[in-house]
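> Turn this into a model:
(4 chains)
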4 protein chains.
Amino acid sequence: MTVRRLLWRQLDPRAYEHEGLSPTNKVVVFTVIVASLGAIVETEPEIERQWPELFDYIEAVFTILFGIEYCARVWAAGENPRFSGILGRCRYALTPAALLDLFSFLPGLLVPAFPNLFLLRVFRLIRILRLARLGRLSLAVHHLLYAVRERREELFLSLMLAIIVLVFSATVMYLVEGDNDPKAFGSIPRSLWWSVCTLTTVGYGDIYPHTVLGKICSGITAFAGIGLIAMPTGILAAAFSDAFQRTRTTAEENKRQS
Amino acid sequence: MTVRRLLWRQLDPRAYEHEGLSPTNKVVVFTVIVASLGAIVETEPEIERQWPELFDYIEAVFTILFGIEYCARVWAAGENPRFSGILGRCRYALTPAALLDLFSFLPGLLVPAFPNLFLLRVFRLIRILRLARLGRLSLAVHHLLYAVRERREELFLSLMLAIIVLVFSATVMYLVEGDNDPKAFGSIPRSLWWSVCTLTTVGYGDIYPHTVLGKICSGITAFAGIGLIAMPTGILAAAFSDAFQRTRTTAEENKRQS
Amino acid sequence: MTVRRLLWRQLDPRAYEHEGLSPTNKVVVFTVIVASLGAIVETEPEIERQWPELFDYIEAVFTILFGIEYCARVWAAGENPRFSGILGRCRYALTPAALLDLFSFLPGLLVPAFPNLFLLRVFRLIRILRLARLGRLSLAVHHLLYAVRERREELFLSLMLAIIVLVFSATVMYLVEGDNDPKAFGSIPRSLWWSVCTLTTVGYGDIYPHTVLGKICSGITAFAGIGLIAMPTGILAAAFSDAFQRTRTTAEENKRQS
Amino acid sequence: MTVRRLLWRQLDPRAYEHEGLSPTNKVVVFTVIVASLGAIVETEPEIERQWPELFDYIEAVFTILFGIEYCARVWAAGENPRFSGILGRCRYALTPAALLDLFSFLPGLLVPAFPNLFLLRVFRLIRILRLARLGRLSLAVHHLLYAVRERREELFLSLMLAIIVLVFSATVMYLVEGDNDPKAFGSIPRSLWWSVCTLTTVGYGDIYPHTVLGKICSGITAFAGIGLIAMPTGILAAAFSDAFQRTRTTAEENKRQS
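As a prediction, this is how the structure comes out:
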């Protein structure tokens, strides 16, 4: 077996002969998690003040590591007949997965050149997007997305119902409390913040009705609306569970047949 | 095919020969969403101050559009044998759907005549009710309502249980905390506001028990009551999901038979 | 048919020949709801100040009504062979349902004799307990209680798990935040109030961690614990739904057989 | 039957010939609960101030009781062929259950020797861990753990999704509100506290967005994220319920066969 074939089996999760992730991909997953944690912690000004240079060095190391990984992936992709040759490699480089890999080290190369504050912040966001690569490696996420797509009608309708409930309750509170508390309920867009906070049961406590009529209306709409707001949540959770059940059943059937 | 027949097939979702919505109804749905968003944003005083005339023009356009749509619907309804002739048209105009259509442009005609502040606010509420027309166009909502009606006994009983739990916990807190915090717990109706906020887990934080005994009682009733309050929610979500499942199964059976 | 037999069929929900409630019992249910609402509203000091005598008259009317109803129920109970004769009536008077009926008018007779403030408050609580009579009239509640009893092991274990999670998270917060905020986290019983508020997701906002370590610990325990706290809720809702499903299936089978 | 055999049947829940717990184990469970309650209440400074010596005596009694119980368990373990002889006893003493028993009375012996404040606090934590022994006695917990292990993939993935949603929403709020409210949203770790509070719907109200853009972003992420955060919860509850269903079915089958 050639080195490229070996590398390809290690890097492409679908080409790996055993179940689960290959050792190389396990290292990649671990590195991605550490790099993401680094990008999260780095944003804390107090930590950056104490060790101002530390994160620059860490970032440089990760940029080099992900750069090497990217090159290896592009080179090894040639094993796949769809991506062989230079033209095939270009096609590979344009797949969403490869673009995600590219964006996980490109900011590290560009930031020193453009030391702009706003760009820095956006690049940090991109660095955290590396986490999305964890999802790519897992075949299970694909199954989930498929299941969600199957129930998209249900999810869409329940979301629409939820939005109508939000708007309706905001309108009621605007009519009832609008005059007493114009800062919080003086318009429907303002009341919507109350609707979202109440009907998702978050309830920060920054705005709440003060009049008796407002309390009665808010109590009734909250009571009636929470169920409708929770519906998309419940449907999503059930779809996720079903998708797993289905995958497991299929896997067991495949085992029996082989 | 006559023009009226063509129009009827475009406007009546049940007369359209293909699945989904007809192009005309898609435009109507889009217009309804935009008009509702306009009516929501319009209530914000800061936006109205900046562009005082803008929303009057927008409203005029929507009034004309919905007026034309209403006339077209009434005229095309004649294709349906139940609504043919002038008497049939009158019967059509009294159906809930047609009344909803009427109310979506009538306020725009009447507001300039009665520039009263309270009426204006109520008319704005009616304009947002246009959103309800989105539901009418969707056959799925009919299925949902049917399913909810089937479980009405269950929903009613769980709602009654929820109300009894609310009243009971409010009574306990009134007995325990009534003397210490008369403003928040000085009567059962006042304690009910706490009950609603706590048992729906919203928890604004405007009122909460301060004494040790009050905290113990509120902890126990919250712990015991949240389950009962969440029951109608769970039943509603399950009924909604079942209704969809049923519709999908029926649709698949129809496909097999044809 | 004698008058007593007619009355018995009207009053005992199991003796009524048709489905649902008899007209007399519908009136009783309605009266109970109105009387309970009256007892709730009566506690509001502002309302009592405005109409100080009103609620005394209302209470007198309800006391007489429920007194007549109680006598009628005791007299009619003789139709049931288990409760015939004076001894049988005494046995009937000691059933929980009859005692509940007794307590719904007895306070109204005793309050004028002992115008004590504390007794008044307790009697008011008893008056609201009249609501429990609504449950007695409904056969569905019996089915529910049966179903809950069937899953009592599951409910008990999940409740125990929930309590252990509460205690454990309170202990963690006591160790971590105890020194920084002794008023809120200075002992495990104090921390328990935070645990209840957080893990039921009520979150009043009167106490929350201030230190970084406290926030990390509270975030992790909240994240891990909410699932376990919600478990009894989910099990209860499922048991309630199953009980209904079972009742409906049994009713359908009975219909087929007859 | 020897005394040791009798004792073993009383102490080992799997050796007891009848269903449920043996009388001795019921006493042990009761003692564990009382001792744990004592350890919880003891931490309250006001109670300790009032009865400073009381809890020392109580603790001494429980230390002796649990010490005797531990010795009895080690002695009786010899009935089990796996743990007979002195070497077998040592092996028994190293099982997690026996270590848990050891730790439930050891702190009581050591605390008087090292009257250090920090150690005291940690030892109190260990005393509350006695509650974990309640779980050991129950066979149901074993079934639950087995079921959770079966769905570990599902739980792990949904937890990962939840963490990604938390990080993503924190990043969005950091970008949007970071400049306006640096204390609450000035870094991603700080924003994470908001994410946890909002997406678990606790909503203490200590931090929330103040700008319009921040409110819109937080409303959308809250709305979209709550479903994903609630997913592990739902899966855990379903797994727990399934495990019980399975146990009940197995028990019924065993009854039929015997």
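> Distance of A:Y70 relative to D:I68?
From A:Y70 across to D:I68, the span is 66 Å (C-beta to C-beta, to the nearest Å). (C-beta placed from N, C-alpha, C; glycine too.)
> ditto for A:R89
With distances taken as C-beta to C-beta, A:R89 is found 75 Å from D:I68.
> Now for A:P45, how many residues are close by?
The tally of other residues near A:P45 (other C-beta atoms under 10 Å in any protein chain shown) stands at 12.
> Over to the one 5 residues further on?
Burial measure for A:Q50: 9 neighbouring residues, criterion other C-beta under 10 Å.
> So it versus A:A35, what's the distance?
For A:Q50 relative to A:A35 (C-beta to C-beta), the value is 20 Å.
> Give me every residue in chain A lying close to chain C.
A:201, A:203-205 (C-beta under 8 Å from any C-beta of the partner chain).
> hmm, 6 Å instead?
A:G205 (C-beta under 6 Å from any C-beta of the partner chain).
> ok, the closest residue to chain C within chain A - contacts?
For chain A, the residue closest to chain C is A:G205, as judged by C-beta to the nearest C-beta, at 5.2 Å. A:G205 makes contact with B:204-205, C:205, D:205, according to C-beta atoms under 6 Å, 6 or more residues apart in numbering or on different chains.
> By mean pLDDT, point me to the weakest helix or strand of chain A.
helix A:131-137 (a mean of 56; mean pLDDT, DSSP states H and E).
> Domains in chain A, by residue range?
As assigned by automatic domain parsing, chain A contains the domains A:3-137, A:149-257.
> tell me the mean pLDDT for the last one?
Per-residue pLDDT values over domain A:149-257 give a mean of 82.
> Can you give the distance of that domain from its chain's centre?
Here domain A:149-257 is found 21 Å from its chain centre; the criterion is C-alpha atoms, centre = their mean, to the nearest Å.
> do the longest one as well
Between the centre of domain A:3-137 and the centre of its host chain there is 16 Å, according to C-alpha atoms, centre = their mean.
> and the gap between A:I226 and B:S195?
14 Å.
> quick one: which of the two has more around it?
B:S195 (26 against 22).
> Averaged pLDDT, stretch A:12-24. What do you get?
Averaging pLDDT along stretch A:12-24 gives 75.
> check contacts around the residue in the stretch 51-200 of chain A that chain B sits nearest to.
Residue of the stretch 51-200 of chain A nearest chain B, by C-beta to the nearest C-beta: A:S187 (3.9 Å). Going by C-beta under 6 Å, 6+ apart, A:S187 touches B:43-44.
> Please repeat the previous calculation with a cut-off of 8 Å.
Neighbouring residues of A:S187 by C-beta atoms under 8 Å, 6 or more residues apart in numbering or on different chains: A:174, A:178, B:43-45.
> Just the buried residues from the residues you listed, in ChimeraX please.
One line in ChimeraX is enough to select the buried members of these, burial here meaning 16 or more other C-beta atoms under 10 Å in any protein chain shown:
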select /A:174,178 /B:43,44
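> closest to chain D among the contacts of A:S187?
B:E44 (10.0 Å).
> now that closest one, nearest residue through space, not along the chain?
A:S187 (3.9 Å; C-beta to C-beta, 6 or more residues apart in numbering or on different chains).
> Ramachandran coordinates for that neighbour?
phi -160, psi 160 (degrees, to the nearest 10).
> measure it to chain D for me?
Using C-beta to the nearest C-beta, to the nearest Å, A:S187 is found at 11 Å from chain D.
> got the buried residues for stretch A:65-84?
A:65-67, A:69-70, A:72-74, A:76-79, A:83.
> Let me see the mean pLDDT of that stretch.
pLDDT averaged over stretch A:65-84 gives 87.
> returning to what we had before: deepest of the domains of chain A, which one?
Across the domains of chain A, averaging neighbours per residue (mean count of other C-beta atoms under 10 Å in any protein chain shown) puts domain A:149-257 on top, at a mean of 19.
> got the contact list for A:A230?
B:233, B:237.
> ugh, typo on my part, it should be A:K215
By C-beta under 8 Å, 6+ apart, the neighbours of A:K215 are A:209, B:193.
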